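Student: This is the structure alone, sequence omitted:
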């Protein structure tokens with residue numbers, strides 16, 4: 001018996017349910033990126049980015065290619081970029097109609113660094 005479509009959709013959206021993975025997909029929506037570029041643009045540690053890229057690879061949302069010692073990533077489908085654009089439009093509409101974003105949509109306060 002095959003998995004119901006609603007369950008597959010839930011798994012798909014779980015994959016999208018992480019800020020670093022969303023940021024990576026946004027970057028890849030523009031063009032192919034090398035890992036070094038993504039490290040700079042996401043601001044996360046290499047091991048953490050590697051974990052998030054592995055999740056996206058397992059979900060077949062990104063594909064990697066090696067060129068010498070560099071690894072480059074690209075989206076497997078332009079529809080991923082379209083989905084992110086649609087999400088941005090939905091959120092812009094939702095947030096425009098509210099005086100203040102709900103708690104789940106509010107950006108976290110920056111952490112203070114301890115000396």
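Tutor: That came through fine. Because the structure is predicted, anything quoted here is derived from the model rather than measured.
Student: avg pLDDT for stretch 90-99?
Tutor: Mean pLDDT, stretch 90-99: 79.
Student: just stretch 66-82 next, same as before
Tutor: On average, stretch 66-82 scores 96.
Student: Let me see the ranges of the strands in this structure.
Tutor: 33-34, 62-67, 70-75 (DSSP state E).
Student: I'd like the ones you listed written out as JSON lines, with mean neighbour count and distance to residue 52 added.
Tutor: The way it works is simple: take the backbone N, C-alpha and C, and place the C-beta from them, glycine included. Formatted as JSON lines, the strands of the chain follow (neighbours: other C-beta atoms under 10 Å; distance: least, C-beta to C-beta, whole Å):
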{"stretch": "strand 33-34", "mean neighbour count": "16", "distance to residue 52": "13"}
{"stretch": "strand 62-67", "mean neighbour count": "13", "distance to residue 52": "10"}
{"stretch": "strand 70-75", "mean neighbour count": "17", "distance to residue 52": "11"}
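Student: could the ones you listed be laid out in CSV, adding distance to residue 46?
Tutor: Listed next are the strands of the chain as CSV, based on distance: least, C-beta to C-beta, whole Å:
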stretch, distance to residue 46
strand 33-34, 13
strand 62-67, 15
strand 70-75, 11
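Student: Out of those, which is closest to residue 50?
Tutor: strand 70-75 (9.7 Å; C-beta to C-beta).
Student: Contacts for that closest one, please.
Tutor: 24-25, 28-29, 32-36, 38, 53, 61-66, 81 (C-beta atoms under 8 Å, 6 or more residues apart in numbering).
Student: The top helix by length along the chain: how far from the chain's middle?
Tutor: In terms of residue count, the longest helix belonging to the chain (DSSP state H) is helix 78-96. Relative to its chain's centre, helix 78-96 lies at 13 Å (C-alpha atoms, centre = their mean, to the nearest Å).
Student: tell me the angle of it relative to strand 62-67?
Tutor: Relative orientation of helix 78-96 versus strand 62-67 (axes from the mean of the first three to the mean of the last three C-alpha atoms, to 10 degrees): 130 degrees.
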